[in-house]
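**Q** next one to model:
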Amino acid sequence: MSLGRLYVLGGQQRGARPMSGGLDWYEYERGLILEVDPASGSVERRVAYESPAGSRVDEDPVVLFKSATLVGETLYACTQTELLLYHVPDFALTGYVSLPRFNDVHHVRPTADDGLLVAISGLDQVVELELDGTVRREWGVIEGEGPWDRFDRSIDYRLVRTTKPHHGHPNNVFQLGDEVWATRFEQRDAVSLTQPGRRIAIDLERPHDGLVHDGRVWFTTVNGKVVVADAGTLDVVDVIDLAGCQASDEPLGWARGIHIDDDGGLWVGFSRIRPTKFRENVAWLARGFKNVRPTRIDRYDLATRRLTHSIDLEPAGLSAVFSVHGAPPAG
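**A** Numbering: from 1, shown residues only. Purely as a prediction, here's the structure:
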C-alpha cells in the first residue's frame, strides 16, 4: 500500500480567553494549509494566511480556512469572508473573491460551467457565483424563507463579527448531477435547493461534509460517525461509528473533513475539543473535556473498519481541521 500525500485545511488558534459580549471562548488568528505525507508522517506548512483589512472586522478578526474543494490543480478554499483559488502544488493564488454578504463562509466548490457554489452559514444561504463574484443564483436554506428575509442587503456582513445563532447553518454544498444540495448543521440533514422537498436525513448528530463518491454521499457527524447515503434513493445505507474502529476509548474529538483514498482508506479530520459558548454543540461529549486528544487526521480501512494511521497536526500549528484532500501525484 502506497498512500498519497494529503492537503489539510483549517485554522491556528489564538489563545483562549474569557467570554465577553458576543465572543466565543476561542478564536483563530490565521488559516493554514498543511501538506501531509502519510508514509513518513511528515507535516509541512504550505500556506499561512491572514485576511487583509477591509475584508474582516478590525479588532481580533477570526481568520481560518473552512471547507475547500480540490479539482485538478485548483484548490478552491474559503475563509470566513473570502474565496481563494490556489494552483497546486505551488500554491500560487490564482483567484480571489470577497463580497459584503460573506459572513462565516463554510464551503466553496466549482460547478461544471465555471461557477462557484458557496455555503454562507452566517446568512443561512447558498449562492452560485461567477468567478468574478457576480451572483448567478441564491437560495435561503430555511423552508419558506428567502435569502434576505432576515438580513439587510445594505450591510457589509464581513464587518459583522457574528450573526449567531444561525437557523440552519449550511456548511457544505454538493451536486448530484445538476441538482444543488446543502448540508444543514442544525436540522441534521442535507436538502436539495433546486428540487425542494428532496432530503437526506442525518438524524444521529449535527453533520458536516457531503462527499459524493462512487454513487454515495458521505457525511461526518461531529461526534465521530460517518453516515453514508445512496445518491439515487437518498436513503442512509451505512453508518460507521469511528469510536468502534480503534482500541482507545478516549473521546475522538470534533469530526469534520473526509477523504477516501485509492487504497480503500477513509481519512477523517478531528479537532481538539475546546469549551464553546454554544454548549449544546458538544452535549454528546458526556465526559467533559478530560483526556482530550489532539487535532489530527485518522485513516480507517473501509474493509476491516480498523484505524490504520493517526497523524498529529498540532506541532505544525493546526488547531482545527475543516477539510482533507488527496494531493495530485508528484511530477
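
**Q** the spatially most central residue of the chain bridge partners, please.
**A** The chain has residue 67 as the residue nearest its centroid, 3.3 Å off, counting by CA atoms, centre = their mean. Applying DSSP bridges to residue 67 gives these bridge partners: residue 107.

**Q** how much space is there between residue 173 and residue 296?
**A** Separation of residue 173 from residue 296 (CB to CB, to the nearest Å): 26 Å. (C-beta placed from N, C-alpha, C; glycine too.)

**Q** please apply the same query to residue 199.
**A** According to CB to CB, residue 199 stands 32 Å off from residue 296.

**Q** of the two, which one has the most company?
**A** Legend: neighbour count by other CB atoms under 10 Å for residue 199 and residue 296, higher for residue 296 (22 against 14).

**Q** who's in contact with that one?
**A** The contact partners of residue 296, taken as CB atoms under 8 Å, 6 or more residues apart in numbering, are 253, 269, 270, 310, 311, 312, 313, 314, 321.

**Q** mind running it again at 6 Å?
**A** 270, 310, 311, 312, 313 (CB atoms under 6 Å, 6 or more residues apart in numbering).

**Q** for beta bridges, what are the partners of it?
**A** Beta bridges link residue 296 to residue 270, residue 312 when assigned by DSSP bridges.

**Q** relative to residue 125, how far out is residue 178?
**A** According to CB to CB, residue 178 and residue 125 sit 20 Å apart.

**Q** what about those two, which has more around it?
**A** residue 125 (26 against 10).

**Q** I figured the residue nearest to the centre of the chain hits residue 325, correct?
**A** No - assessed by CB atoms under 6 Å, residue 67 is found out of contact with residue 325, at 10.0 Å.

**Q** all strands of the stretch 1-150 of the chain, in order?
**A** Secondary structure of the stretch 1-150 of the chain, counting by DSSP state E, counting those that start in this stretch: strands at 6-14, 27-37, 42-49, 69-71, 74-78, 83-87, 92-97, 105-110, 115-120, 125-130, 135-140.

**Q** and the fifth one, average pLDDT?
**A** Spelled out, it's strand 74-78. Averaging pLDDT along strand 74-78 gives 98.

**Q** parallel or antiparallel, list what pairs with that strand.
**A** Here strand 74-78 is paired, per DSSP bridges, with strand 69-71 (antiparallel), strand 83-87 (antiparallel).

**Q** then the last one?
**A** With DSSP bridges as the test, strand 135-140 is paired with strand 125-130 (antiparallel).

**Q** just the buried positions in the strand it pairs with, please.
**A** In terms of neighbour count (16 or more other CB atoms under 10 Å), strand 125-130 has its buried residues at 125, 126, 127, 128, 129.

**Q** tally of neighbours for the nearest residue to the first one once chain neighbours are set aside?
**A** Read that as residue 125. Spatial nearest neighbour of residue 125, excluding adjacent residues (CB to CB, 6 or more residues apart in numbering): residue 147 at 4.1 Å. Using other CB under 10 Å, residue 147 is surrounded by 20 other residues.

**Q** now do residue 54
**A** Neighbour count for residue 54, taken as other CB under 10 Å: 11.

**Q** also residue 272?
**A** For residue 272, the count of nearby residues is 19 (other CB under 10 Å).

**Q** which residues does it contact?
**A** Contacts for residue 272 (CB under 6 Å, 6+ apart) come out as 253, 292, 294, 295.

**Q** again, only using 10 Å
**A** Contact partners of residue 272, counting by CB atoms under 10 Å, 6 or more residues apart in numbering, are 13, 253-254, 289, 292-296, 313-314, 318-321.

**Q** partner residues bridging residue 255?
**A** Going by DSSP bridges, residue 255 is paired in beta bridges with residue 270.

**Q** hmm, residue 204 and it touching each other?
**A** No - applying CB atoms under 10 Å as the test, residue 255 and residue 204 come out as separate, 11.5 Å apart.

**Q** ok, back up a step: tell me the most buried of the strands paired with strand 74-78?
**A** Counting by mean count of other CB atoms under 10 Å, strand 83-87 has the highest mean neighbour count of the strands paired with strand 74-78, with a mean of 20.

**Q** mean confidence for it?
**A** What strand 83-87 shows for mean pLDDT is 98.

**Q** output that strand as PDB, nothing but the C-alphas.
**A** Coordinates of each C-alpha in strand 83-87 appear next as PDB, following Å, rounded to 0.1, in the frame of the first residue of the first chain:
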ATOM      1  CA  LEU A  83     -12.800  32.800  -1.500                       C
ATOM      2  CA  LEU A  84      -9.300  32.000  -2.600                       C
ATOM      3  CA  LEU A  85      -8.200  29.800  -5.500                       C
ATOM      4  CA  TYR A  86      -4.800  28.300  -5.400                       C
ATOM      5  CA  HIS A  87      -2.800  26.400  -8.000                       C
END
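
**Q** specify the angle between it and strand 27-37 in degrees.
**A** Strand 83-87 runs at 20 degrees relative to strand 27-37, counting by axes from the mean of the first three to the mean of the last three CA atoms, to 10 degrees.
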